[in-house]
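Trainee: sequence and predicted structure are below.
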Amino acid sequence: MQKKYNISVEATLEVLGGKWKCVILCHLTHGKKRTSELKRLIPSITQKMLTQQLRELEHDGIINRIVYNQVPPKVEYELSEYGKSLESILTALCNWGDSHIERVYGERSEYLEESILNK
């Protein structure tokens with residue numbers, strides 16, 4: 001049986017849903033990252049969850065997994081061309097989050113960790 005959605009945002013959330021996928025994608029908008037780099041950039045995520053989320057994003061065609069044939073093995077992740085189509089959505093989510101933090105908590109710099117994404 002073919003899948004049916006009630007509204008199209010369900011399809012979006014099916015791919016981007018969960019706590020970490022958008023965070024991972026925001027980091028990848030700034031270029032290729034190794035798994036260890038992503039783990040450092042997102043310290044609250046477990047290794048198991050990071051691996052799972054990366055696999056799901058790769059399965060959905062949102063990111064590319066690049067394996068370099070070397071010893072020790074090197075793997076990097078980047079946004080696919082299809083994934084790059086999400087950049088405006090991710091930017092809008094970040095902008096809304098900034099406004100929300102300021103509205104609810106006050107000065108955003110006091111409530112955001114230091115990160116390349118929070119400048």
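Mentor: Done, it's in. Numbering: from 1, shown residues only.
Trainee: and the helix or strand harbouring residue 95, what other elements does it pack with?
Mentor: In this assignment (DSSP states H and E), residue 95 forms part of helix 87-105. Counting contacts by 3 or more CB pairs under 8 Å, 6 or more residues apart in numbering; DSSP states H and E, the secondary-structure elements packed against helix 87-105 are helix 21-28. Every residue, glycine included, has its C-beta placed from N, CA and C.
Trainee: next secondary structure after the helix it packs on?
Mentor: Beyond helix 21-28 on the C-terminal side, the first helix or strand identified by DSSP H and E is strand 33-34.
Trainee: what is that following strand packed up against?
Mentor: Other helices and strands packing on strand 33-34, by 3+ CB pairs under 8 Å, 6+ apart, are strand 74-79.
Trainee: what number of residues lie near residue 113?
Mentor: Residue 113 sits with 9 neighbouring residues when counted by other CB atoms under 10 Å.
Trainee: report pLDDT for it.
Mentor: At residue 113, the pLDDT value in this model is 75.
Trainee: kindly report the same for residue 119.
Mentor: Here the pLDDT value assigned to residue 119 is 63.
Trainee: residue 57 now?
Mentor: According to the predicted model, the pLDDT of residue 57 comes to 98.
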